[in-house]
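K.L.:
quick one: sequence and predicted model below, then my questions.
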Amino acid sequence: MNQSLSLSRRLFLVRGAQATAGLTLGLALSGRVLAADGYSGATTKSVEQGLEANAFVSLTPDNRVIITMKHMEMGQGTYTGLSTIVAEELDAAWEQVEVVAAPADVERYKNTIVGMQITGGSTAIANSWTQMREAGAAVRQMLLAAASAEWKVPVAELTAKAGEVIHTPSGRRATFGALSAAAAAQPVPDKVTLKDPKDFTLVGKQMLQRKDVGKTDGSAIFTLDVYWPEMLTAVVAHPPTFGGKLKSVDATAARAMPGVEAVLEIPSGVAVLGKTFWQAEQARKALKIEWDAGNWADQSSEKLIAEYRALAQKPGAEARSEGDAAGILASSDKVLEAEYVVPFLAHAAMEPMNCVLQKTADGVELWYGCQAQTLDQKNVAAVFGLTPDKVKINTLYAGGSFGRRATFDGNYVTETAEIAKAYGKPVPIKLVWTREDDTRDGRYRPLYVHRVEAVLDDKGSISAWRQRVVGQSIMGLEPQVVDRTTVEGLRNIPYAIPHLRIESLNTSLPVAPHWWRSVGSTHNAFAIECFMDELAHKAGRDPVEMRLEMLKDHPRHSAVLQLAADKSGWGKPLPEGHFQGIAVHESFSSYVAQVAEIARQKNGKFKVVKVVCAVDCGIAVNPDVIRAQMEGGIGFGLSPLMYSAITIVDGRAVEGNFDGYRVIRMSDMPAVEVHIVPSAEPPTGVGEPGTPVIAPAVANALFAATGKRFRTLPIGADYFV
Amino acid sequence: MPVNFTLNGQPQTVDADPATPLLWVLRDHLQLTGTKYGCGIAQCGACTVHLNGQPVRSCSLPVSAVAGQQVATIEGVDSPAAKALQKAWEDLAVYQCGYCQSGQLMSAINLLEKKPQPTDADIDQYMSGNICRCATYTRIRAGIKHAASELAVEVKA
Ligand code: FES
Ligand code: FES
């Protein structure tokens, strides 16, 4: 057994006992318990005699560089990416860099694109690029100034490299740690000089060890791993139907069960507080509850699809209009038409939603994989009648999110607050959702129906294209108002089409809609890229050649498309039973093209055997993280293409766990080859853009194999091994 | 009623309802948190531990069933295969969110201990009970192969 681990864990628990007295320690350090001698401080004031030059960088006398992460780590590699940028300008050695999660503090740690502290929209690198460079450069300048003063040499003769300041003429050198106290006495510069990108030594380097550590020996701390003394575990019985409400509860049997501390009615259902999860869960099963099913009890996905298809026959709100698509379509007798249907999708993050909250003397403190600090502070504060600054958030690693954890209303975080408020006693409470709670909560990628119509001219070019999308507005807008998230990737369709019309119609349902990795692009890329393939085949043209002709004004789209085609041997003979399909899409200002290769198996079904992916995301800060996000994004997009769907029947979600909500496994995963386009453009995000491209690429390959068009997702186990 | 078993080589006594799944005993009673909850119905593999050297889903195993037996968790593994895999996981940056990875490693350790040079088909077979929602599957495959070749070199040397 790993001794240092058990020791540090014990230390953590001992310290934990004092947490309410304000000592919140090691846990703050990126969710990992550090070595036994302890990391003595929380986030920013941690460094005795060292330097806290700004909100992002601290140096310690023992030569560590501690970088504060304003974005949470959910697997996307942000801790590594942000560290790379700071360390680059600081000239730190990669090995001396450690990370710590930022506290909730919107002034210091806001996402500069969104204006609040939140991680999402593949913005972490894009909004931090300049900010992190400046933070690193400022500290570097202070170190040089300190050495200059101590050694009585001009700054111009000094340089920094791999964690040391070096006086070139004399060869004298000192570590950052040795200079940290002197550097702290230097004024923080108000102007900094940034490196010429050609001098980068870390940015663009192929492989840097990840900074989200503790993930191979079980020592990383996720929300579920937080154990405070006296802590109770809460589970909640929620209404089984969307829009349902509690009518009455008989908790007599549940209350009498071992370990049960309380049964509480809260706005979202009935909470059971137990000494352990298992005890709370057994008691939940013993609750006798009558639910008011609400007015959605006879609703189903089938009925919704029928409704949406009817709605797609009528005009929606105009999202974009050029030329006279309606006129061309009306006067042509050769209109090609297709309808695409995509289901509700759960995020199914590997760690179901959970949260730990404790009331303190003058507020509350939380520990969890927080994705939207500013919103969650506001929501929790509202429950207790506090001001948001009294809500202290310790952001831990999240076991995946894919958009799930950032909600407007706080959702499971607010629920934890409601439980703590109803219980009243100031003990820590850990809310644990089971997989079924998580899968059936809603917050789905909404169900959408697309209707697309187009006309090909005599030369086989697309002269007109009209597309309508019907589905829920994630932003909660009125039916005839364009929701940007519904039409992202569609309104900005890059193809040159003289007569183009994009319309959307918002519906409103009791099941909460939510952003799901790549949001609008999840369905828009599928409809557009499948229909493009269909039109190319109808016109007797090669799908790559036709797209390239229509992408003349979009060189970055063209470049990734061409690169993916070249690297995959597009158009060249394939082994017997192998087929390819291609798609290209821009999301979050990153450009991705993929060629999917499928192979017919002995049983007549198919396996996706290989994906060649080309990506342009500007300057490649961490090529390996980019590759990892493309691989993971492709795998994430394969699940809804092949298997995943939430089906509504009688107003409730049929699927509750991985037996019904099927996702891809090892045997479903293709080999992935990633090619990164060299670029000097500012870096853009990679967390989401790999996901939307794979479904159309595979669907198009299936057409090549079977001559059938697949316009409804998921395609299902009939076609995949 | 107390249940006695061996946990990571040490004798362990737990006073819990014997129906409590081993997973929740490890977590809530022993605060050994490397083993994760992902589904509770033996579908995802996040809770994989070794029972007498065999991978089992601790979410679906009542603690009473391990009385008198040997249980190993991610915190307690230190075989050559385990070390080689953990190192490969770091060197190839296999993990993303990391939540599934204790379970992935526990399955992979068993695979390499049974089949030191696994084929792709072996990897599919041994690893398909472990879901990774971050879809790190390509790197898990590469990590297993990398560890296997490192171990082969060690054996020769
Ligand atoms: S939690 Fe045990 S298999 Fe999923
Ligand atoms: S690394 Fe996130 S679920 Fe596997």
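P.N.:
Structure received. The shown structure was predicted, so the numbers you read here are calculated from the model rather than taken from an experiment. Numbering: from 1, shown residues only, chains lettered A, B, ... in the order given. Ligands and ions are numbered 1, 2, ... in the order given.
K.L.:
point to the residue nearest the middle of chain B.
P.N.:
Centroid-nearest residue in chain B: residue B:106, 2.0 Å away (criterion: C-alpha atoms, centre = their mean).
K.L.:
can you tell me if the longest helix belonging to chain B touches chain A.
P.N.:
When chain B is parsed with DSSP state H, its longest helix is helix B:137-156. Yes. Applying C-beta under 8 Å from any C-beta of the partner chain, one finds helix B:137-156 touching chain A at B:137, B:138, B:139, B:140, B:141. The C-beta positions use only the backbone N, C-alpha and C, and glycine is treated the same way.
K.L.:
make a markdown table out of those residues and add neighbour count and distance to ligand 1.
P.N.:
Shown next, in a markdown table, are these (neighbours: other C-beta atoms under 10 Å in any protein chain shown; distance: C-beta to the nearest ligand atom, whole Å):
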| residue | neighbour count | distance to ligand 1 |
| --- | --- | --- |
| B:137 | 30 | 17 |
| B:138 | 23 | 22 |
| B:139 | 24 | 21 |
| B:140 | 28 | 16 |
| B:141 | 20 | 20 |
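K.L.:
phi, psi for residue A:378 please.
P.N.:
Geometry field for residue A:378 lists phi and psi as phi -60, psi -50, criterion degrees, to the nearest 10.
K.L.:
rewinding a little: C-terminal to the helix or strand harbouring the residue nearest to the centre of chain B, what's the next element?
P.N.:
Taking DSSP states H and E as the definition, one finds residue B:106 inside helix B:101-114. Where DSSP H and E defines the elements, the next helix or strand beyond helix B:101-114 is helix B:120-127.
K.L.:
next one: that next one to chain centre, how far?
P.N.:
Centre-to-centre, helix B:120-127 and its host chain are 15 Å apart (C-alpha atoms, centre = their mean, to the nearest Å).
K.L.:
residues of that helix that come out buried?
P.N.:
B:123, B:124, B:126, B:127 (16 or more other C-beta atoms under 10 Å in any protein chain shown).
K.L.:
on that earlier part again, now the helix holding residue B:106 against helix B:120-127, angle please.
P.N.:
Here the directions of helix B:101-114 and helix B:120-127 differ by 130 degrees (axes from the mean of the first three to the mean of the last three C-alpha atoms, to 10 degrees).
K.L.:
and the helix or strand harbouring residue A:81, what does it pack onto?
P.N.:
Using DSSP H and E, the secondary-structure element containing residue A:81 is helix A:78-90. In terms of contacts (3 or more C-beta pairs under 8 Å, 6 or more residues apart in numbering or on different chains; DSSP states H and E), helix A:78-90 is packed against strand A:65-69, strand A:97-101, helix A:124-151.
K.L.:
dump the residues of helix B:137-156 next to chain A into CSV; add distance to ligand 2 and pLDDT as well.
P.N.:
As requested, those are arranged in CSV below (distance: C-beta to the nearest ligand atom, whole Å; pLDDT from 0 to 100):
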residue, distance to ligand 2, pLDDT
B:137, 9, 98
B:138, 12, 98
B:139, 9, 98
B:140, 8, 98
B:141, 13, 98
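K.L.:
can you redo those as JSON lines with distance to residue A:110?
P.N.:
Compiled in JSON lines, the residues of helix B:137-156 next to chain A are given as follows (distance: C-beta to C-beta, whole Å):
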{"residue": "B:137", "distance to residue A:110": "35"}
{"residue": "B:138", "distance to residue A:110": "35"}
{"residue": "B:139", "distance to residue A:110": "33"}
{"residue": "B:140", "distance to residue A:110": "36"}
{"residue": "B:141", "distance to residue A:110": "40"}
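K.L.:
run the chain-centre distance for the helix-or-strand element of chain B with minimal mean pLDDT.
P.N.:
One helix or strand of chain B scores below all others by mean pLDDT, DSSP states H and E: helix B:137-156, with a mean of 93. Taking C-alpha atoms, centre = their mean, one finds helix B:137-156 lying 17 Å from the centre of the chain it belongs to.
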